[in-house]
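need a structure here:
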Amino acid sequence: MTIKTDQNFDNLSSRFRKNIYKTLKGQIRLNILWRDLVEQLPEIESGGLAILDAGAGQGNFSLQLAKKNHQLTLCEISANMLEDAKKLFSENALDNCAEFIHCPVQELSKHINSQYDLVLSHAVMEWLAEPQQTLETLLPFIKPGGYFSLMFYSRTGLIYQNLTHGNFDHILNDSLAGEGKTLTPINPQDPDDVYQWLKQNKLDIISKSGVRVFYDGIHRERRKQIDEGDLLELEKRFSRQEPYCSLARYIHVLCRKQT
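Numbering: from 1, shown residues only. Sure, this is the predicted structure:
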């Protein structure tokens, strides 16, 4: 399928809040991302970093960083989601820790010319018509020796889930992608392609984790009976082990820009 336009979430922002951020799947995401950053970038706990969140959504992850006394710049194409992010920061009295920019990621250079210690791009790539080109527009914003945190929706994981659920037609007809009307991404990414793009652009991968390596495969009724603490512990335990990492719903890659 040819992807013609990027996805804007103005009409889906409330569904994101309900179906992702306020659910266990959202907690898995936040836990894995935070663990990876703390282990590889200890300064995350002590504050003082300049951080760009490119495609910040409703600001949930950026809020955690602001609470650690980092300075945030949040960019978001959806006006509704950006307003939600502003409200979230205001409710937590952290307005002075953030700048909010309403624009597509590809147009960030029209608004800022700074470089950052850490650039985030979480669950953005799979909603873009041209993910590789968009990724490359972010690289000038990373300081030499700075970090790039990239989380993307894995095509490998999507194929595996469809196989185990018996959705063979989706695979045989290559109809895995969403159509922009639901929360199924329009452009899931092949992990090997993404790793190659990073390498080509002089970004060294220092950490790789699967996000939701098994949660989506658990029957909904069984999920209600599971201890959430045990589930989070096991998601963390298997997130970096193969083949689980490569079969996860999302993959989080933390990179460092060569100097």
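
for the top helix by length along the chain, packing partners?
Using DSSP state H, we find that the single longest helix of the chain is helix 24-40. When contacts are defined as 3 or more Cβ pairs under 8 Å, 6 or more residues apart in numbering; DSSP states H and E, helix 24-40 packs onto helix 60-66, strand 142-153, strand 203-211, helix 228-238, strand 250-257. From N, CA and C alone the C-beta is placed, and that goes for glycine too.

10 Å - rerun?
Secondary-structure packing of helix 24-40 (3 or more Cβ pairs under 10 Å, 6 or more residues apart in numbering; DSSP states H and E): helix 60-66, strand 116-122, strand 142-153, strand 203-211, helix 228-238, strand 250-257.

Quick one: name whatever helix or strand follows it.
strand 50-54 (DSSP states H and E).

ok, that following strand: who's next to it in the sheet?
Sheet pairing of strand 50-54 (DSSP bridges) gives strand 71-76 (parallel), strand 116-122 (parallel).

thinking again about what came up before, closest one to Gln27 among the helices and strands packed on helix 24-40?
Nearest to Gln27 among the helices and strands packed on helix 24-40 is helix 228-238 (6.9 Å), distances taken as Cβ to Cβ.

what is the mean pLDDT for that closest one?
Averaged over helix 228-238, pLDDT sits at 95.

Same check on stretch 44-64?
95.

likewise stretch 166-173?
88.

Over to stretch 128-146?
94.

Ends of it, what's the gap?
24 Å (Cα to Cα, to the nearest Å).

buried residues in it?
Leu128, Pro131, Thr134, Leu135, Thr137, Leu138, Phe141, Ile142, Gly146 (16 or more other Cβ atoms under 10 Å).

Same list (those) but as CSV, adding distance to Ile171.
Below are these laid out as CSV (distance: Cβ to Cβ, whole Å):
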residue, distance to Ile171
Leu128, 23
Pro131, 21
Thr134, 27
Leu135, 26
Thr137, 32
Leu138, 31
Phe141, 37
Ile142, 36
Gly146, 39
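
thought Tyr116 was touching Leu49?
Yes - using Cβ atoms under 10 Å, Tyr116 makes contact with Leu49 at a distance of 7.9 Å.
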